[in-house]
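**Student:** Just to be clear, the model below is a prediction. Sequence and coordinates:
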Amino acid sequence: MADLSVKVCGVDFKNPIIPASGVFGYGREYEELFPLSELGGIATKGTTLHRRTGNIAPRIAETPSGMLNSVGLQNPGIDHFIETELPYLLTKDLVILANIAGSTPDECAEVAAKLEDTDVHMIELNISCPNVKQGGAAFGTSCDMAAEVTRRVREVTKKPLVVKLSPNVTSIADIARSVEAAGADAVSLINTLLGMRIDINTGRPILRNNVGGMSGPAVFPVAVRMVWQVANAVNIPVIGMGGVSSGRDAIELMMAGASAVQVGAAIFTDPYAPVRIVEEMNEWLDSKGISSVNEIIGAVKPW
Amino acid sequence: MKYTQGQFIITEKKAIAREIYSFTIACPEVASVAVPGQFVHIRANGFTLRRPISICGIDRKNGTLRIVFEIRGEGTAEIAKLNKGDLIDMLAPLGHGFTVDESFGKVVLIGGGIGTPPMLPLAEIYGSRAVAITGFRSSAAAILQDDFKAAGAETILCTDDGSAGIHGFVTQPFTELAKSGNIDMVYACGPMPMLKGIAAICKENGIRCEISLEERMACGIGACLGCACRTVRNDEEYFAHVCKDGPVFNAEEVLW
């Protein structure tokens, strides 16, 4: 039995696997299948200052080895999260990354400030949602905006601040350096890649929003590349995600430089994916005689 | 709500019409808690998203569920390749089912095309108190007529091309029936224009109506918020979710 525990920004995770924001709600629906305490952490559904209704359906489409979504940050608002969802999650033994978003830097800061007196362990600031018209990806695709929103949130929180980055940029390493300089304690990546499908019989895009975020195994090589580039560009921890569906994928992303790994679309295929991935990582480490998962973080030997 | 995920044996497979298949699946733990109107979320080998398929039969005694589905695309085509004796990966039973009240004296079950299968478990409960109005493109596409009769329900068949039964849509015979009164509840599943028409007739005649909706879906259990449906609750517009709040909704809640 290898030691799977990792430490990210001083926060202890019993294992490095975290369901990614958006696929897992606030955890309740999956507790029906397995104890949430088997997870290293949970990145909660992106939550904004006020309740958001999200986009009109269809919000989901299948793609080769993956999927598109355009949910549009539907969520009940931060007050509901604090009053109703957080107390439930705090009864479970796992790290809570509260994923937050907003239309303006001030709104993001206001959401973060509301979490300051709660027992949330970390804040994951979403500057990369591709499915909302204001804020979201607009923050994540310019170094100046990314730094500005990070700085505003940094001013109001002492909690570990993870900034979630968009892959829909020319240089994700430049964005990562900007948010590091603005006070981020860690970065997480990749959010979804902007994609589109069209029903050729009707000529209509399948998503009512026309475009949406692509995830699933198809994006995995992009995630490995970007995690590697960012890990080489910054001195803060990187939480990796993007198309991870097996223990081997998680090991690969950690070798590229990730200190922990989020799992998204794989959960739709196999709801037990996060707990299966933990088991598979353990088996692989044991088979190689590696005693701690920390030994593989950034262990890639590039040519 | 209690659901499980697992692999279950297909004990019977039948092709019941062109590109429409019936599977009987041995899954006692699912069958023991499933109710009419719920669905199962099936993994299609090689695909990221599961496919939601409504439950067409619940046999608690034998511990089996029946599903009837149509090949609509690559995912359902993959599921249709499974054979008797193969394992099928299901997350089930899911969703909010139909309101069943044994005291109802007369109910009308309305199915349009592949929306017909979820009506059958209701026919098995209500028996001769049920009238099943079903509509299909043609007589070749008509399914489950004998099953409804075996359950004791009166059947009214409609086809778009007139090749069997009434030449026209299900709304035609239902309009007549709705006026006759004494209907305690209408249950319907099918294309949105059909459901919209039925909801309007029910409203006009003061009949309770529950409809089952479908939407492109990811998690199936209410976590990802992918399968949104515009509804009104407490006078406020609300994006409900077909997988958890539905698939069965009170017709008056739905914003068309």
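**Tutor:** Structure's in. What do you need?
**Student:** Just give me the neighbour total for the closest residue to residue B:217 other than its chain neighbours.
**Tutor:** Among residues not flanking residue B:217 along the chain, residue B:227 sits closest, at 4.3 Å (C-beta to C-beta, 6 or more residues apart in numbering or on different chains). Glycine gets a C-beta too; all of them are placed from N, C-alpha and C. By other C-beta atoms under 10 Å in any protein chain shown, 29 other residues sit near residue B:227.
**Student:** Does residue B:227 touch residue B:240 like I think?
**Tutor:** No - Residue B:227 is beyond contact range of residue B:240, at 9.2 Å (criterion: C-beta atoms under 8 Å).
**Student:** if we can go back for a sec, for the residue nearest to residue B:217, what are its contacts?
**Tutor:** When contacts are counted by C-beta atoms under 8 Å, 6 or more residues apart in numbering or on different chains, residue B:227 touches A:57, A:59-60, B:215-218, B:241-243.
**Student:** Identify, from these, the entry nearest to residue B:33.
**Tutor:** residue B:243 (16.6 Å; C-beta to C-beta).
**Student:** Please name the residues that touch that closest one.
**Tutor:** B:52, B:94-95, B:217, B:219-222, B:227.
**Student:** Going by distance to chain A, which of the residues you listed wins?
**Tutor:** residue B:221 (4.3 Å; C-beta to the nearest C-beta).
**Student:** From residue B:51, how far off is the closest one?
**Tutor:** According to C-beta to C-beta, to the nearest Å, residue B:221 and residue B:51 sit 15 Å apart.
**Student:** The two: which is more packed in?
**Tutor:** Legend: neighbour count by other C-beta under 10 Å for residue B:221 and residue B:51, higher for residue B:221 (24 against 21).
**Student:** how about that one, what does it touch?
**Tutor:** A:29-30, A:32, A:271, B:3, B:91, B:94, B:243-244.
**Student:** try it again with 7 Å
**Tutor:** A:29, B:3, B:94, B:243-244 (C-beta atoms under 7 Å, 6 or more residues apart in numbering or on different chains).
**Student:** For PyMOL, write a command that selects the buried ones of these.
**Tutor:** Buried residues among the contacts of residue B:221 (16 or more other C-beta atoms under 10 Å in any protein chain shown), as a PyMOL selection:
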select buried, (chain A and resi 29) or (chain B and resi 3+94+243+244)
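**Student:** any chance of the contacts of residue B:221 in JSON lines, plus pLDDT, distance to residue A:253 and secondary structure?
**Tutor:** Compiled in JSON lines, those are given as follows (pLDDT from 0 to 100; distance: C-beta to C-beta, whole Å; DSSP: H, G, I helix; E, B strand; the rest coil):
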{"residue": "A:29", "pLDDT": "95", "distance to residue A:253": "25", "secondary structure": "helix"}
{"residue": "B:3", "pLDDT": "95", "distance to residue A:253": "30", "secondary structure": "coil"}
{"residue": "B:94", "pLDDT": "97", "distance to residue A:253": "31", "secondary structure": "strand"}
{"residue": "B:243", "pLDDT": "95", "distance to residue A:253": "29", "secondary structure": "coil"}
{"residue": "B:244", "pLDDT": "94", "distance to residue A:253": "31", "secondary structure": "coil"}
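**Student:** nearest to residue B:122, of the contacts of residue B:221?
**Tutor:** residue B:94 (17.9 Å).
**Student:** right, and that closest one touches residue B:222 too?
**Tutor:** No - Residue B:94 is beyond contact range of residue B:222, at 8.9 Å (criterion: C-beta atoms under 7 Å).
**Student:** Tell me how many other residues surround residue 72.
**Tutor:** Went with chain A since none was named. Neighbour number of residue A:72 under other C-beta under 10 Å is 25.
**Student:** wrong chain, I was asking about chain B
**Tutor:** Residue B:72: 11 neighbours (other C-beta under 10 Å).
**Student:** Generate a markdown table for the contacts of residue B:227, with distance to residue A:173 as supplementary columns.
**Tutor:** Shown next, in a markdown table, are the contacts of residue B:227 (distance: C-beta to C-beta, whole Å):
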| residue | distance to residue A:173 |
| --- | --- |
| A:57 | 36 |
| A:59 | 31 |
| A:60 | 31 |
| B:215 | 39 |
| B:216 | 35 |
| B:217 | 36 |
| B:218 | 31 |
| B:241 | 38 |
| B:242 | 41 |
| B:243 | 39 |
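**Student:** Residue numbers of the stretch 51-200 of chain A in contact with chain B?
**Tutor:** Counting by C-beta under 7 Å from any C-beta of the partner chain, the positions of the stretch 51-200 of chain A adjacent to chain B are A:53-54, A:57-62, A:65-67, A:69, A:71, A:74.
**Student:** Try it again at 8 Å.
**Tutor:** A:53-63, A:65-67, A:69, A:71, A:74 (C-beta under 8 Å from any C-beta of the partner chain).
**Student:** which ones among those residues are found in strands?
**Tutor:** Under the assignment DSSP state E, these contribute A:60-63, A:66-67, A:69 to strands.
**Student:** State the three-state secondary structure for residue B:21.
**Tutor:** strand (DSSP: H, G, I helix; E, B strand; the rest coil).
**Student:** ok, it - contacts?
**Tutor:** Counted by C-beta under 8 Å, 6+ apart, residue B:21 has contacts B:13-15, B:68-71, B:80.
**Student:** Count the neighbours of the one residue in the stretch 51-200 of chain B that gets nearest to chain A for me.
**Tutor:** The minimum distance from the stretch 51-200 of chain B to chain A, using C-beta to the nearest C-beta, falls at residue B:91 (6.1 Å). Number of residues near residue B:91 (other C-beta under 10 Å) recorded here: 25.
**Student:** Hmm, residue A:271 and it touching each other?
**Tutor:** Yes - in this structure residue B:91 lies within contact range of residue A:271 using C-beta under 8 Å: 6.1 Å.
**Student:** who touches both of those two?
**Tutor:** Jointly contacting residue B:91 and residue A:271 under the rule C-beta under 8 Å, 6+ apart are B:5, B:221.
**Student:** Where does pLDDT dip in chain A?
**Tutor:** A:129-137 (pLDDT under 70).
**Student:** What is the burial count for the residue in chain A that chain B sits nearest to?
**Tutor:** Distances between chain A and chain B by C-beta to the nearest C-beta are smallest at residue A:25, namely 3.6 Å. The tally of other residues near residue A:25 (other C-beta under 10 Å) stands at 22.
**Student:** which ones are touching it?
**Tutor:** Taking C-beta under 8 Å, 6+ apart as the test, what residue A:25 contacts is A:44-45, B:222-225.
**Student:** quick one: secondary structure of the residue of the stretch 101-250 of chain B found nearest chain A?
**Tutor:** With C-beta to the nearest C-beta as the measure, residue B:223 is the residue of the stretch 101-250 of chain B nearest to chain A, at 3.6 Å. Assigned by three-state DSSP, the conformation of residue B:223 is coil.
**Student:** Give me the buried subset of the residues of the stretch 51-200 of chain A next to chain B.
**Tutor:** Looks like those have A:54-55, A:57-63, A:65-67, A:69, A:71, A:74 buried, using 16+ other C-beta under 10 Å.
**Student:** What segments of the chain are helices?
**Tutor:** If you meant another chain, say so; for now it's chain A. A:28-31, A:78-80, A:86-90, A:105-115, A:137-140, A:143-156, A:172-181, A:220-233, A:247-255, A:266-269, A:273-287 (DSSP state H).
**Student:** wrong one, I was asking about chain B
**Tutor:** B:28-31, B:74-80, B:120-126, B:145-150, B:171-179, B:192-205.
**Student:** Count the neighbours of residue A:222 for me.
**Tutor:** Neighbour tally, residue A:222, other C-beta under 10 Å: 17.
**Student:** Could you count how many residues lie near the residue lying closest to residue A:196 once chain neighbours are set aside?
**Tutor:** Closest residue to residue A:196 apart from its sequence neighbours, by C-beta to C-beta, 6+ apart: residue A:211 at 4.8 Å. Residues lying near residue A:211 (other C-beta under 10 Å) number 15.
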